[in-house]
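>>> Can you look at this prediction? I've put the sequence above it.
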Protein chains: 2
Amino acid sequence: EAGGDAASGRKVMLKCQVCHGKDGIAKLPEAPNIAGQKEAYLVKALMAFKAGERKNEQMTVVTKGLSDEDIADVAAYYSSIKITVQVPP
Amino acid sequence: EAGGDAASGRKVMLKCQVCHGKDGIAKLPEAPNIAGQKEAYLVKALMAFKAGERKNEQMTVVTKGLSDEDIADVAAYYSSIKITVQVPP
C-alpha cells in the first residue's frame, strides 16, 4: 500500500482538483469523491483508465499525461486525507 | 440525483457490506470506500458493472442480482452517509 509520495502527489493533484477537489470532494455529481480513498484502489483505477480498460473521456485524457510514479504519488496524496463517516440513524 | 430510497437501500446494502462495509469504509485494500459517495456516480458505476462496460469479477456477480431500483436505492443509502475530510498539513 505504500510506494507513493504524498508530498509529490500534491503537484500531480493540480491536474485532478478541478473535478475531484483539492480535498478529494468532487465538484461534479458524476465525479467520485476520492478523499481518503484506498491507495491501492486509486492506483488500480488510474492504471485502468491509462490502459483504456476503464472508459471515461476526461480520465483517459488526464491519465495519458501521468507517469506510473505520478499515479503512485497522487494516489498517496488523496489517500492521506483523513475521512470520518457518520451513518444516518 | 434523487430517485433512490435510502431506507430500502439498507436491505440491498447487505450484498455490499462484506467488501464495502455497512458504513461504506472498505474492508479490502482494492475495494473503494463508498461512504458519502456521489449518488449519481454510484448509480453510473453500478449500471456499468451490470452492463459489463466496467469489469470486476465480484461486481459483475453482485450487480447481476440487482434491479435498477435496487441500484438507485443502495446508491441513495451509501450517499446518505455523512463524510468529513481533513487534509494533512
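Perfect, I can see it now.
>>> Quick check: which ranges of chain A have low pLDDT?
Applying pLDDT under 70 to chain A flags residues A:1-2.
>>> Could you rerun that using 90?
Along chain A, the model assigns pLDDT under 90 to residues A:1-3, A:89.
>>> Alongside chain B, which residues does it contribute?
Contact residues (C-beta under 8 Å from any C-beta of the partner chain) of chain A with chain B: A:1, A:6, A:22-26, A:29-33, A:35-41, A:44-45, A:53-55, A:80-88. Placement of C-beta: from N, CA and C, glycine included.
>>> at 7 Å instead, please
Residues of chain A lying close to chain B by C-beta under 7 Å from any C-beta of the partner chain are A:1, A:23-26, A:29-33, A:35-38, A:40-41, A:44, A:53-55, A:80-88.
>>> which of those residues count as buried?
Buried members of those, counted by 16 or more other C-beta atoms under 10 Å in any protein chain shown: A:23-26, A:31-33, A:35-38, A:40-41, A:44, A:54, A:80-81, A:83, A:85, A:87.
>>> now, which of the residues you listed lie within helices?
The helices, defined by DSSP state H, take in A:Ala40, A:Tyr41, A:Lys44, A:Ser80 from these.
>>> Looking at those, spot the one nearest B:Cys16.
Nearest to B:Cys16, judged by C-beta to C-beta, of these is A:Tyr41 at 14.9 Å.
>>> wouldn't the closest one be in contact with B:Leu28 here?
No - between A:Tyr41 and B:Leu28 there is no contact under C-beta atoms under 7 Å: 8.9 Å.
>>> Same list (the ones in helices among the buried ones among the residues of chain A next to chain B) but as CSV, adding distance to A:Arg10.
Formatted as CSV, those follow (distance: C-beta to C-beta, whole Å):
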residue, distance to A:Arg10
A:Ala40, 20
A:Tyr41, 20
A:Lys44, 21
A:Ser80, 10
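>>> out of those, who's nearest A:Gly65?
A:Lys44 (18.6 Å).
>>> In this structure the closest one contacts B:Glu30, no?
Yes - contact status for A:Lys44 versus B:Glu30: in contact at 6.2 Å, counting by C-beta under 7 Å.
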